[in-house]
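>>> The sequence and its predicted three-dimensional model are supplied below.
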Amino acid sequence: MKANYITATAILLITFSSIAAVPDYKQQIQIDADNLSSIKEDVLTYRNNVIITQGSMKMTADLLEIDASAGKGNEVYLATGQPVKYSQRMEDGKLVTAEAKSMRYEPSTRILTLSGDAELAQSGSVVQASTIRYNVEKQQLNADSNKTKRVTTIFTPEEKDNP
């Protein structure tokens, strides 16, 4: 009886660790909104209080258009709002947050593009730019400026306890 209990416990622990190990980008995408309409065959439009989740990733927007004309697995999500907000809990437990006037997410490439007063915060640092391209899988970013907004990075020094 005790051996069965230990075996069952080990199986449960393995199952839970396997579930926890599934990356966000491999989990299903869920969309909640006040309104859904389909104007074109391959385009869905969600309006008002739009919430998109995929694992620990969460995006909130006023409007979301999903273009599925390139076929299953190649959808493009375009969110707009005042502002659109994004957050994701990384494997190490740290939180990445972002906001911009619009965000474009391509699940097939795992690229999130922030446009218009874009800001991304990660590990105590903040990047502000006209456009930020962020790979949610690799945690890599590329920021671009325009004539009115330069790329700005703010680093927060690590706090150390004084002896």
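Alright, I've got the coordinates.
>>> quick one: contacts of the host helix or strand of Q82?
Using DSSP states H and E, Q82 sits in strand 76-89. The contact list for strand 76-89 (C-beta atoms under 8 Å, 6 or more residues apart in numbering) reads 24, 50, 52, 56-67, 70, 95-107, 112, 114, 117, 136. All C-beta spots, glycine's among them, are computed from the backbone N, C-alpha and C.
>>> any idea of the mean pLDDT for that strand?
For strand 76-89, the mean pLDDT works out to 96.
>>> and if you look at stretch 95-113?
95.
>>> If you count neighbours, what's buried in it?
96, 98-100, 102-105, 107, 111-113 (16 or more other C-beta atoms under 10 Å).
>>> Let me know the angle separating the host helix or strand of I51 from strand 76-89.
Assigning secondary structure by DSSP H and E places I51 in strand 43-54. Put simply, strand 43-54 runs at 10 degrees to strand 76-89, going by axes from the mean of the first three to the mean of the last three C-alpha atoms, to 10 degrees.
>>> Can you list the strands that strand 43-54 pairs with?
strand 30-32 (antiparallel), strand 35-40 (antiparallel), strand 57-67 (antiparallel) (DSSP bridges).
>>> next one: the last one to chain centre, how far?
Relative to the chain's own centre, strand 57-67 is displaced by 10 Å; criterion: C-alpha atoms, centre = their mean, to the nearest Å.
>>> For the strands paired with strand 43-54, give me TSV that also has distance to T131, mean neighbour count and mean pLDDT.
Shown next, in TSV, are the strands paired with strand 43-54 (distance: least, C-beta to C-beta, whole Å; neighbours: other C-beta atoms under 10 Å; pLDDT from 0 to 100):
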stretch	distance to T131	mean neighbour count	mean pLDDT
strand 30-32	24	13	96
strand 35-40	27	10	85
strand 57-67	17	20	96
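>>> want to try a markdown table for those strands, with distance to A79 as columns?
What follows is the strands paired with strand 43-54, written out as a markdown table (distance: least, C-beta to C-beta, whole Å):
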| stretch | distance to A79 |
| --- | --- |
| strand 30-32 | 10 |
| strand 35-40 | 14 |
| strand 57-67 | 4 |
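>>> Nearest to Q128, out of those strands?
For Q128, the closest of these is strand 57-67, at 18.8 Å, according to C-beta to C-beta.
>>> dump the residue contacts of L114.
Contact partners of L114, counting by C-beta under 8 Å, 6+ apart, are 84, 86, 98-100, 102-103, 120, 131-134.
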